[in-house]
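Participant: Here you go, sequence then predicted model.
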Amino acid sequence: MPCDCLNMCTRPLFTRSMVLSVVCMLLLFDNAGAEAVDKKITVLNVRIENDIGVENASSIATEWLIGSIIRAAPDIRVVREREAAELARLRTPLSADALSPPVVRALRKSINSTHVLAAGVFLWNRKYGITLKLVDLSSPDVPRIERTWAESVDDIPARIEDMVFLLFSPRSGSAASERAKRPERRQPEAKEGAYSSRVSALLEAHPEMVYVPGGKFVVGNNNDSDADNIPLDPSRREGVSRLVLLAAEKPEHTIHVKPFLIDRYEVTHAQYKKFRTNHEFPTEKADHPVTGISWYDAQAYALWAGKRLPTEQEWEKAARGDDRRKWPWGNVFERGRCNLGAGTAAAGSFKGDESPCGAYDMAGNVQEWTASDFLPYPGNTSKDVDFNPKKKVVRGSYFGGNDFLARCSMRFCALPGAPGVEPDGRNYAYIGFRCAMDAD
């Protein structure tokens with residue numbers, strides 16, 4: 001097993017028929033006071049309808065909507081559907097399209113809610129239609145509705161954020177004027193033309209590497225809903241509770257990372273053989289990532305190449321960028337974008353598995369050694385995770401993994417071993433590595 005500390009097995013991905021569809025949410029406004037309004041959002045289960053070929057799209061669309069609402073109105077608190085139903089003592093499903101008088105009275109009385117928000121996303125003529133409907137419980141027959149189109153799946157989050165901003169903003173003008181009041185969206189990171197002379201020289205000397213800018217970066221994941229929103233596959237057991245795995249990722253915390261370079265691809269068998277000439281491998285796998293080596297062997301190669309192993313924080317920043325995305329390419333998992341199959345693949349051959357900085361195979365193919373010890377994040381007091389400074393953090397999923405394990409914040413670990421030695425009978429058949437380098 002690739003992660004000895006978590007002792008877990010993995011499963012194949014869910015079918016590709018998961019789709020974006022109707023996303024219903026409740027905005028529960030607390031009427032306790034005008035100066036301190038506690039807005040509560042209840043997320044309803046998503047109905048799957050039109051096939052647009054996006055894996056686990058319904059739960060991801062829900063997260064998009066939650067994130068957009070929080071950005072538009074920071075005083076809002078998220079409450080899941082089950083909690084809202086329990087608080088209101090409801091036995092019928094919550095739906096913005098079927099709010100019976102008893103349901104309305106229960107929501108307004110038990111939770112002091114005033115509004116319901118329903119959202120829908122569907123595919124039509126190769127475009128994605130998005131509708132948001134805000135229902136005022138005091139006059140449910142007169143909803144506020146915003147509609148728009150997205151050219152691609154990747155455009156949906158921005159469109160949702162625009163619409164949420166319009167719904168939450170007082171109507172004082174046209175949609176264009178309201179949109180103009182929004183804070184400017186964060187621009188993409190500077191490309192090669194903006195690199196310093198030193199970075200340009202390093203990239204010229206190491207064309208196999210990509211640049212990752214420094215700065216503040218949020219590490220980790222506080223979202224326990226990942227355990228439920230990403231479906232299980234009964235054909236494979238995971239061995240350890242997902243909540244235990246998620247406990248190792250807590251809490252989210254902000255750090256400062258210096259700029260660095262990281263290998264575009266995982267180190268291959270052919271590259272490793274130049275360092276260790278007695279390394280043996282099938283000739284047809286020369287361009288596949290090297291596996292079966294200890295942490296010390298990986299570190300030795302990195303030093304030989306004039307580089308080093310990345311820290312786990314650097315690895316995570318290279319994998320997810322600055323927008324806290326779930327997977328290297330974004331917040332929607334799409335089957336086939338990364339290698340979660342039956343064996344290793346040529347490094348970089350899955351072009352969909354590309355991170356914001358241009359690094360490949362950070363979600364699939366093989367797991368990767370980092371320079372970091374497996375320690376709890378600051379403030380983590382979990383007793384369920386076997387934190388151990390003698391173990392090294394391993395990042396990224398592997399060819400036998402799944403979408404849950406392929407998340408950028410997922411932490412694995414393994415004993416480092418010794419040079420050329422396989423400790424405790426473990427062969428590290430799932431673990432490879434890539435190198436990093438300081439950029440300043």
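Facilitator: That came through, no problem.

Participant: Scan the helices and strands of the chain for the one with the lowest mean pLDDT.
Facilitator: Between all helices and strands in the chain, the lowest mean by mean pLDDT, DSSP states H and E belongs to strand 22-29, at a mean of 39.

Participant: can you give me how far whichever helix in the chain runs longest is from the chain middle?
Facilitator: Identified as the longest helix of the chain according to DSSP state H is helix 57-72. Relative to its chain's centre, helix 57-72 lies at 13 Å (Cα atoms, centre = their mean, to the nearest Å).

Participant: From the contact counts, what lies against that helix?
Facilitator: strand 22-29, strand 39-43, strand 76-80, strand 115-124, helix 156-168, helix 226-229 (3 or more Cβ pairs under 8 Å, 6 or more residues apart in numbering; DSSP states H and E). In short, each C-beta sits where N, CA and C put it, glycine included.

Participant: Could you pull out the buried residues of it?
Facilitator: Buried residues in helix 57-72, counted by 16 or more other Cβ atoms under 10 Å: 57-70, 72.

Participant: got it, and stretch 342-349?
Facilitator: 344, 345, 346, 347, 348.

Participant: got the contact list for the residue nearest to residue 273 when sequence neighbours are not counted?
Facilitator: Spatial nearest neighbour of residue 273, chain neighbours left out: residue 279 (4.6 Å); criterion: Cβ to Cβ, 6 or more residues apart in numbering. Neighbour list for residue 279: 269, 272, 273, 290 [criterion: Cβ atoms under 8 Å, 6 or more residues apart in numbering].

Participant: Let's see if you can find the most crowded of those residues.
Facilitator: residue 290 (27 neighbours; other Cβ atoms under 10 Å).

Participant: quick revisit: which of the contacts of residue 279 sit farthest apart?
Facilitator: Based on Cβ to Cβ, the longest span within those runs between 273 and 290 and measures 8.5 Å.

Participant: what residues are shared contacts of the two?
Facilitator: Taking Cβ under 8 Å, 6+ apart as the criterion, residue 273 and residue 290 both touch 279, 281.

Participant: quick one: the most centrally placed residue in the chain from residue 414, how far?
Facilitator: Geometric centre of the chain, nearest residue: residue 326, 0.5 Å, by Cα atoms, centre = their mean. Per Cβ to Cβ, to the nearest Å, residue 326 is found 23 Å from residue 414.

Participant: Identify, from the buried residues of stretch 342-349, the entry nearest to residue 304.
Facilitator: Checking the buried residues of stretch 342-349 against residue 304 with Cβ to Cβ, the nearest one is residue 347 at 18.6 Å.

Participant: Just to check, that closest one is in contact with residue 359?
Facilitator: No: contact status for residue 347 versus residue 359: not in contact, 10.8 Å apart, counting by Cβ atoms under 8 Å.

Participant: Kindly point out which residues are neighbours of both of these two.
Facilitator: Residues touching both residue 347 and residue 359 by Cβ under 8 Å, 6+ apart: residue 265.

Participant: Mind jotting down where the helices sit in the stretch 251-400 of the chain?
Facilitator: For the stretch 251-400 of the chain, applying DSSP state H, counting those that start in this stretch gives helices covering 269-275, 295-304, 312-320.

Participant: of the ones you listed, which approaches residue 141 most closely?
Facilitator: Closest approach to residue 141 among the helices of the stretch 251-400 of the chain is made by helix 312-320 (43.5 Å; Cβ to Cβ).

Participant: So which other helices or strands are in contact with that closest one?
Facilitator: The contact analysis (3+ Cβ pairs under 8 Å, 6+ apart) places helix 312-320 against strand 209-212, strand 215-219, strand 253-257, strand 260-263, strand 367-374, strand 388-395.

Participant: Can you tell me the strand partners of the first one and which way each runs?
Facilitator: Put plainly, it is strand 209-212. Next to strand 209-212 in the sheet, as set by DSSP bridges, lie strand 260-263 (antiparallel).

Participant: Contacts for the helix or strand containing residue 135 next, please.
Facilitator: Using DSSP states H and E, the element containing residue 135 is strand 127-136. For strand 127-136, the surrounding residues in contact (Cβ under 8 Å, 6+ apart) are 20, 27, 52, 96, 99, 114-123, 142-153, 155-156, 159-160, 163-164, 167.

Participant: Out of the helices of the stretch 251-400 of the chain, which is closest to residue 104?
Facilitator: Here helix 312-320 is closest among the helices of the stretch 251-400 of the chain (Cβ to Cβ), at 40.8 Å.

Participant: how much does that closest one deviate in direction from strand 215-219?
Facilitator: Counting by axes from the mean of the first three to the mean of the last three Cα atoms, to 10 degrees, helix 312-320 points 90 degrees away from the direction of strand 215-219.

Participant: Where does pLDDT dip in this structure?
Facilitator: Where the chain drops to pLDDT under 70, the residues are 1-59, 73-84, 92-93, 96-97, 111-112, 125, 169-195, 231-239, 419-427.

Participant: Now do stretch 341-359: everything it contacts.
Facilitator: Here stretch 341-359 makes contact (Cβ under 8 Å, 6+ apart) with 189, 210-212, 262-266, 268, 285, 287-289, 291, 318-323, 325, 328-329, 334, 336-339, 360-366, 399-400, 434.

Participant: repeat that for 7 Å
Facilitator: Outside stretch 341-359, the residues that touch it by Cβ atoms under 7 Å, 6 or more residues apart in numbering are 189, 210-212, 262, 264-266, 268, 285, 287-289, 291, 318-319, 321, 328-329, 336-339, 360-366, 399.

Participant: got the contacts of residue 279 as CSV, with distance to residue 200 columns?
Facilitator: Listed next are the contacts of residue 279 as CSV, based on distance: Cβ to Cβ, whole Å:
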residue, distance to residue 200
269, 31
272, 28
273, 31
290, 29
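
Participant: hang on, residue 212 packs against residue 315?
Facilitator: No: using Cβ atoms under 7 Å as the test, residue 212 is too far from residue 315 to be in contact (9.9 Å).
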